[in-house]
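Visitor: My questions concern the predicted model and sequence given below.
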Amino acid sequence: MTSRADDSADGPRPPVVHAGRWHLPGARWAAARARRAIRTALKQWELGAAADTLAWQAASLIRKLAARPVDRAPGQIELLLELRPADRLLLIQLQRTTPERPEADNGTLAEEDGRHIIAIVYGHRRAHNGPGIWYTRTFVWHRPDSGATDH
């Protein structure tokens, strides 16, 4: 048995990072399925009431991204989700997988496929005279689907 003093000698514990991966059909209802997957994961990761808000915001962005012509190809959408609660950061990566472009040998997606990356920073700010305010800040990146390599 270790004592409390022994535990502190190990230093602070690293922050917890939660991650999940889903393959969703690339149909027009992909945003609804993504919202359910994200909401369920965030609830399991004990994010609480923020899970609903973040899941709806993510689904709205996914719906907009899925409406782009490049995303109307048949296949599946791979959804990668990472929650860093200590940083109040939710990372989402969407990538189309099609029969013509299977996953790479190492289990990751082929580098030439297009990707959408969404970062949502969230939190609650205390107000000087009131209950405070919930906030989110969203950043979206897209790497186009092309056969060209980056230089």
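Guide: On my side now, so go ahead. Numbering: from 1, shown residues only.
Visitor: Low-confidence stretches in this protein?
Guide: Scanning the chain with the threshold set as pLDDT under 70 gives 1-11, 13, 28, 66-74, 98-113, 144-151.
Visitor: who's in contact with the longest helix anywhere in the chain?
Guide: Ranked by residue count and defined by DSSP state H, the top helix of the chain is helix 50-66. For helix 50-66, contacts defined as Cβ atoms under 8 Å, 6 or more residues apart in numbering pick out 26, 28, 30-32, 34-36, 38-39, 42-43, 47, 71, 77, 90, 92, 94, 116, 118, 120, 122, 134, 136, 138, 140, 142. Using the backbone N, CA and C atoms, a C-beta is placed for each residue, glycine as well.
Visitor: What ranges does the protein have for its strands?
Guide: 18-25, 76-84, 89-97, 115-125, 133-143 (DSSP state E).
Visitor: export those strands to JSON lines and tack on distance to residue 59 and mean neighbour count?
Guide: Below are the strands of the chain laid out as JSON lines (distance: least, Cβ to Cβ, whole Å; neighbours: other Cβ atoms under 10 Å):
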{"stretch": "strand 18-25", "distance to residue 59": "12", "mean neighbour count": "15"}
{"stretch": "strand 76-84", "distance to residue 59": "11", "mean neighbour count": "19"}
{"stretch": "strand 89-97", "distance to residue 59": "10", "mean neighbour count": "21"}
{"stretch": "strand 115-125", "distance to residue 59": "11", "mean neighbour count": "16"}
{"stretch": "strand 133-143", "distance to residue 59": "12", "mean neighbour count": "12"}
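Visitor: need the contact list for residue 93.
Guide: 78, 79, 80, 115, 116, 117, 118.
Visitor: sorry, back to before: make a markdown table from the strands of the chain and add distance to residue 64 to it.
Guide: Converted to a markdown table, those look like this (distance: least, Cβ to Cβ, whole Å):
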| stretch | distance to residue 64 |
| --- | --- |
| strand 18-25 | 16 |
| strand 76-84 | 14 |
| strand 89-97 | 11 |
| strand 115-125 | 10 |
| strand 133-143 | 9 |
